[in-house]
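Novice: need the 3D shape of this:
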Amino acid sequence: MNAINESIQAQAEIDIPGSKSLTHRALIIAALAEGKSRIRQPLICEDTCLTIEALKRLGADIKEENGDMVVKGTSGRLSEGGPEINLKNSGTSMRLLTSVAALSQGDWILTGNERMQTRPIEPLLKAISDLGGKAAALHDTGCPPVKIQGGGIKGGKTSISAAKSSQFLSSLLLSSPYARQDVVIEVTGSVASWPYVELTLSMMEAFGVKVERQGWSWFRVPAGQRYRGRDIGIEGDCSSAAYFWAAAALTGNYVVTRHIKPFSLQPDFRFLDILASMGSEVVLGRNWVAVKGVRLAGIDVDMNAMPDQVPTLAVLAALARGRTLIRNVAHLHYKESDRLVDLGAELTKLGVSVKVNEDGLEINGGHIKEGTIDPHQDHRLAMSFAVARLIEPGIRILDPECVVKSFPNFWELFAELQS
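Specialist: Below you'll find the model as predicted:
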């Protein structure tokens, strides 16, 4: 990346909405906190609205005020049960809120749509049970719906595998300050998308809770800590910005994305490194990032830390020179769609030579043709194939409204690249 630069001639300047990952975490922590919090520039989309409605059901007072979310926290004293909470296909809401609901003194059922009921959550449920909570899947699949019986979380020690989702670990960390005893979490094996746990720890610290750790092997949350309400701003979403970075890289235009924090902790900020290694120029400003594309070359890359950008990279790879190998993303089988299998199928429709491996994709680039893309109700697939449409306007994307899950005004902003 080039050094910070304050003057640049851009062909498009895009205002990026707030980070979905940070908005979820800030809302949940503020709902558990003592006192009032103001969350500035939050992302309001389908997923975060599901989290907001669930937190209201759990006892938090959350109101919109001039574009901010104002949250009166519960001090960890949640509602005593109620009717089931449907989180549709928001995996972040389901996983992060499962541990939070376990703090309640009442019974809850968390459910979702058909796809959610195929997404594993058993490792998290076992860990909650180890810590004295009562959470179990209603069926023997180890997937939602989940039943949580009241009584809170006692604390103690547990171990967890986060190979399928880092959100299992983030969920335990978020709720642990309200356990009656210290919580010690031993992590077995690798952590999928580990930078998202760093986002969790950073947000916990911002609200006044310290977590002890030894690398990625164990974490300890001392008992007696409490989140304290605060005023906090949400930086722009690097996952959302990446579609505009990719568009610039593919078309050769200079595109500026505003509200992006230089050297952000968000995992998808590092997608800029990938674009640079493929040949793009990247320039950082104080609160923006600009990308200019050249002819792209294929790449061999481990995408475990930024799985949301695998579809974006796959589309770029389809038009880059040579072969691209995307590795170490087996956990993409458990996203909103089976992102590896479904990506392979949709790229094949466009005449792309692609091989789906157990943990990634192998793509031989060069060209694409027109075709009709089914995003499989997956917002990230729809937005990624929008980038391809800049090169091949004959590509048609079914169910374009699925982007409301994370980026409601995506199509409006993306149209600015074509004006």
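Novice: quick one: low-confidence ranges for the protein?
Specialist: 1-10, 419 (pLDDT under 70).
Novice: and the helices in it?
Specialist: With DSSP state H as the criterion, the chain has helices at 20-32, 46-57, 91-101, 122-130, 167-175, 195-206, 238-251, 271-278, 310-319, 339-349, 379-389, 410-414.
Novice: quick one: these as TSV, columns for mean neighbour count too.
Specialist: Every C-beta, even on glycine, is put in place using the N, C-alpha and C of the backbone. Putting the helices of the chain into TSV (neighbours: other CB atoms under 10 Å) gives the following:
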stretch	mean neighbour count
helix 20-32	27
helix 46-57	21
helix 91-101	26
helix 122-130	21
helix 167-175	28
helix 195-206	19
helix 238-251	26
helix 271-278	20
helix 310-319	27
helix 339-349	21
helix 379-389	26
helix 410-414	17
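Novice: which one of those lies closest to residue 223?
Specialist: Of all the helices of the chain, helix 167-175 sits nearest to residue 223, with 12.4 Å by CB to CB.
Novice: the closest one to helix 122-130, inter-axis angle?
Specialist: Angle, helix 167-175 to helix 122-130, by axes from the mean of the first three to the mean of the last three CA atoms, to 10 degrees: 30 degrees.
Novice: distance-wise, check residue 78 relative to residue 221.
Specialist: Using CB to CB, to the nearest Å, residue 78 is found at 18 Å from residue 221.
Novice: no no, residue 291
Specialist: Distance, residue 291 to residue 221, using CB to CB: 39 Å.
Novice: what's the answer for residue 236, then?
Specialist: Taking CB to CB as the measure, residue 236 falls 29 Å from residue 221.
Novice: tell me which of the helices of the chain lies nearest to residue 372.
Specialist: helix 339-349 (7.1 Å).
Novice: quick one: the closest one to helix 379-389, angle?
Specialist: Helix 339-349 and helix 379-389 are oriented at 30 degrees to each other (the same axes, to 10 degrees).
Novice: ok and helix 339-349 relative to helix 310-319, angle-wise?
Specialist: Going by the same axes, to 10 degrees, helix 339-349 makes 30 degrees with helix 310-319.
Novice: I'd like to know which elements helix 339-349 is packed against.
Specialist: If you count contacts as 3 or more CB pairs under 8 Å, 6 or more residues apart in numbering; DSSP states H and E, helix 339-349 packs onto helix 310-319, strand 353-357, strand 360-364, strand 372-373, helix 379-389.
Novice: again, only using 6 Å
Specialist: helix 310-319, strand 353-357 (3 or more CB pairs under 6 Å, 6 or more residues apart in numbering; DSSP states H and E).
Novice: which residues does the residue most central in space within the chain contact?
Specialist: Among the residues of the chain, residue 21 comes closest to the average C-alpha position under CA atoms, centre = their mean, at 5.0 Å. Listed by CB atoms under 6 Å, 6 or more residues apart in numbering, the contact partners of residue 21 are residue 199.
Novice: now do it against residue 379, distance only.
Specialist: As judged by CB to CB, residue 21 and residue 379 stand 14 Å apart.
Novice: got it, and residue 359?
Specialist: As judged by CB to CB, residue 359 and residue 379 stand 23 Å apart.
Novice: next one: residue 75
Specialist: Distance from residue 75 to residue 379, by CB to CB: 35 Å.
Novice: ok, residue 220 next?
Specialist: Noted for residue 220: a distance of 36 Å to residue 379, by CB to CB.
Novice: residue 212 now?
Specialist: Relative to residue 379, residue 212 is positioned 36 Å away (CB to CB).
Novice: residue 299 too?
Specialist: Taking CB to CB, one finds residue 299 at 24 Å from residue 379.
Novice: again, but for residue 232
Specialist: According to CB to CB, residue 232 and residue 379 sit 25 Å apart.
Novice: identify the single longest strand in the chain, thanks.
Specialist: strand 183-191 (DSSP state E).
Novice: if you count neighbours, what's buried in that one?
Specialist: Residues of strand 183-191 classed as buried: 183, 184, 185, 187, 191 (neighbour count, 16 or more other CB atoms under 10 Å).
Novice: likewise stretch 396-414?
Specialist: Within stretch 396-414, judged by 16+ other CB under 10 Å, the buried ones are 397, 400, 402, 403, 405, 406, 407, 408, 410, 413, 414.
Novice: that stretch: how far from the chain's middle?
Specialist: Its chain's C-alpha centre and that of stretch 396-414 lie 17 Å apart, by CA atoms, centre = their mean, to the nearest Å.
Novice: can you list contacts of that stretch?
Specialist: By CB under 6 Å, 6+ apart, stretch 396-414 touches 14, 20, 45-47, 240, 372-375, 377, 379, 382-383, 385-386.
Novice: now for residue 308: which residues touch it?
Specialist: 239, 380.
Novice: ok, 10 Å please
Specialist: The contact partners of residue 308, taken as CB atoms under 10 Å, 6 or more residues apart in numbering, are 20-21, 193, 196, 238-240, 242, 267-268, 271, 332, 335, 339, 379-380, 383-384, 406.
Novice: ok, the closest residue to residue 132 other than its chain neighbours - how many residues close by?
Specialist: Distances taken as CB to CB, 6 or more residues apart in numbering put residue 154 closest to residue 132, at 2.7 Å, once the chain neighbours are dropped. Residues within reach of residue 154, counting by other CB atoms under 10 Å, total 13.
Novice: then residue 80?
Specialist: So residue 80, with other CB under 10 Å, has 12 neighbours.
Novice: how close does the residue nearest to it when sequence neighbours are not counted sit to residue 341?
Specialist: Counting by CB to CB, 6+ apart, residue 80 lies nearest to residue 106, which is 3.5 Å off, once chain neighbours are set aside. To residue 341, residue 106 is 39 Å away according to CB to CB.
Novice: and for residue 93?
Specialist: Per CB to CB, residue 93 is found 24 Å from residue 341.
Novice: before we move on, the earlier item: residues touching the residue nearest to residue 132, list them.
Specialist: 130, 131, 132, 133, 179, 180, 181, 183.
Novice: quick check: it vs residue 181, distance?
Specialist: From residue 154 across to residue 181, the span is 6 Å (CB to CB).
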